[in-house]
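Chemist: I'll drop the sequence and a predicted model, then ask my questions.
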Amino acid sequence: MFRIAACLALMATTAAAEPFDQVKDKARFLDLLEGRALHMGAFRIALEVLPDGEIKGEALGWPVSGRWVWQEGYFCRELDWSGKPIPWNCQLVEARGDSMRFTVDQGAGRSALFRLR
């Protein structure tokens, strides 16, 4: 029993230490998202980021829609959350395993961590 607990602890430490890799181009971004959506359980967010520039999904039970482009190495988007506009912002995107981290203001602001499902 102790050995199993020690192995799990070591695996958790190793996974946490694995660095995020910056996603620098649109092709890799779309490849990572292919057939999957972005999820954040705490806020019940589920978003589809589609290759044609559309974003759709929901957050806290309310619909989310928007558009996006890849611009100079950043994911740039604007959203509408059930009538509340979320303004245009270009974000640094990083990936690690089945996770993606988006950091606003080209990496200078706050980050949001999503699971890919």
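Modeler: Good, I have the coordinates.

Chemist: For the protein, which residues score under the pLDDT cut-off?
Modeler: Low-confidence regions of the chain, defined by pLDDT under 70, span residues 1-17.

Chemist: what about the strands in it?
Modeler: Remark: strands assigned in the chain by DSSP state E are 21-22, 38-40, 45-49, 54-59, 62-71, 74-81, 84-96, 99-103, 111-116.

Chemist: I'd like those strands written out as a markdown table, with mean neighbour count and distance to Leu30 added.
Modeler: For every residue, glycine as well, the C-beta is placed using N, CA and C. Compiled in a markdown table, the strands of the chain are given as follows (neighbours: other Cβ atoms under 10 Å; distance: least, Cβ to Cβ, whole Å):
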| stretch | mean neighbour count | distance to Leu30 |
| --- | --- | --- |
| strand 21-22 | 12 | 16 |
| strand 38-40 | 17 | 13 |
| strand 45-49 | 18 | 8 |
| strand 54-59 | 16 | 13 |
| strand 62-71 | 16 | 9 |
| strand 74-81 | 18 | 11 |
| strand 84-96 | 15 | 11 |
| strand 99-103 | 19 | 12 |
| strand 111-116 | 15 | 12 |
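
Chemist: Quick one: those as CSV, columns for distance to Asp31 too.
Modeler: Formatted as CSV, the strands of the chain follow (distance: least, Cβ to Cβ, whole Å):
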stretch, distance to Asp31
strand 21-22, 13
strand 38-40, 15
strand 45-49, 12
strand 54-59, 18
strand 62-71, 12
strand 74-81, 14
strand 84-96, 10
strand 99-103, 12
strand 111-116, 11
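
Chemist: quick one: which of those strands is nearest Leu32?
Modeler: Of all these, strand 84-96 sits nearest to Leu32, with 5.6 Å by Cβ to Cβ.
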